[in-house]
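[1] Quick one, fold the following:
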Amino acid sequence: MYSEEDYLMLSGIQHFAFCQRQWALIHIEQQWAENYKTTAGELMHKKAHDEGSFEKRGDLLIVRGLRIASHELGLSGQCDVVEFHQSKEGIDLFGYDGKWIPVPIEYKHGTPKENNADELQLCAQALCLEEMFQTSISLGSLYYGEKRRRSRVEFTEDLRSVTKETAKKMHEMFRRGHTPNVKTSKQCKSCSLANLCLPKLQKNMNVGQYIKQNIHTGD
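    Take a look at the predicted model:
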């Protein structure tokens, strides 16, 4: 169990799964840079994160920008959307009759990724909701803007295990204050931190050479 002052950003689990160095640059070294994809994604999330917005459609309750946290994972953040579906197998919600099953929905600008980064982020949201509402959540959805449709995600035991292990590794790296070395790959081209990360510089130049070339002292 983690205390609140040790919580890390839940959204960072997606960065960590994509590239641990990218995560460290953002969450340890506090570096950030925008590109088209991050800007478009931010605009999409602003539309989804109408914090405190409730909308009821019959047996469906839609909540946007719900703040969540988990003592077990040591993560906190917001859900883009949580749909509460009315069901006899659900939970009680203050101010609403009946019982409800929470279903997290995460919005993404682009298309499904080759890795499981988005699924891990959504699963982390589900684990937070389970802890907060003392319930079990079996399914969630990822909505991809370019395809304009949802992809259903099942929260299997394997996905849950990987999510918990990833959160643990994030905390270990954060405590060490460690930023991993550069490991170039094709995904570097789509990373907004490519210029900050400087993979070509680090590959071809050691620290002494970098200082000699880039730091000039005056008389």
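[2] Low-confidence regions, the protein specifically.
    32-52, 184-196, 198-219 (pLDDT under 70).
[3] and if we set it to 50?
    35-41, 43-44, 199-205, 210, 214, 217-219 (pLDDT under 50).
[4] For it, which segments count as strands?
    Counting by DSSP state E, the chain has these strands, from start to end: 8-9, 53-57, 60-70, 75-93, 96-108, 139-144, 149-154.
[5] Direction included, what does the second one pair up with?
    Under the criterion DSSP bridges, strand 53-57 sits next to strand 60-70 (antiparallel) in its sheet.
[6] what is the orientation angle of the strand it pairs with with strand 96-108?
    70 degrees (axes from the mean of the first three to the mean of the last three Cα atoms, to 10 degrees).
[7] which residues touch strand 60-70?
    4, 7, 10, 48-56, 75-86, 93, 96, 100, 124-125, 127-129, 131-132 (Cβ atoms under 8 Å, 6 or more residues apart in numbering). (Glycine included, C-beta is placed from N, CA and C.)
[8] Can you say which of the residues you listed are buried?
    Buried members of the contacts of strand 60-70, counted by 16 or more other Cβ atoms under 10 Å: 7, 10, 48-49, 75-84, 86, 93, 100, 124-125, 127-129.
[9] ok, now which ones touch the nearest residue to His171 once chain neighbours are set aside?
    In space, and not counting its chain neighbours, His171 is closest to Gly74: 5.6 Å by Cβ to Cβ, 6 or more residues apart in numbering. Neighbouring residues of Gly74 by Cβ under 8 Å, 6+ apart: Tyr2, Asp6, Tyr7, Leu8, Ala167, His171.
[10] Write the ChimeraX selection for whichever of those are buried.
    In ChimeraX, this line selects whichever of those come out buried by 16+ other Cβ under 10 Å:
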select :2,7,8,167,171
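[11] And the contacts of Gly74, which two are furthest apart?
    Asp6 and Ala167 (11.5 Å; Cβ to Cβ).
[12] who touches stretch 96-108?
    Residues contacting stretch 96-108 (Cβ under 8 Å, 6+ apart): 41, 44-45, 48, 59, 61, 79-93, 118, 121-122, 125-126, 129, 133, 135, 137, 139-145, 150.
[13] Next, work out how far apart the residue nearest to Arg64 when sequence neighbours are not counted and Leu66 are.
    Closest residue in space to Arg64, ignoring its immediate chain neighbours: Ser53 at 4.2 Å, by Cβ to Cβ, 6+ apart. Note on Ser53: its distance to Leu66, by Cβ to Cβ, to the nearest Å, is 10 Å.
[14] Check Ser3 too.
    Ser3 is 22 Å from Leu66, by Cβ to Cβ.
[15] Looking at these two, which one has more neighbours?
    Leu66 (22 against 8; other Cβ atoms under 10 Å).
[16] What's opposite that one in the beta bridge?
    Here Leu66, judged by DSSP bridges, has bridge partners Cys79.
[17] With Tyr144 instead?
    Beta-bridge partners of Tyr144, as defined by DSSP bridges: Lys108, Arg149.
[18] Surely it touches Val153?
    No. With contact defined as Cβ atoms under 8 Å, Tyr144 does not count as touching Val153 (12.0 Å).
[19] Between the two, which has more neighbouring residues?
    Val153 (22 against 18).
[20] wait, the more buried one sits on Ser141?
    Yes. Counting by Cβ under 8 Å, Ser141 is a contact partner of Val153 at 6.5 Å.
[21] Great, nothing more from me.
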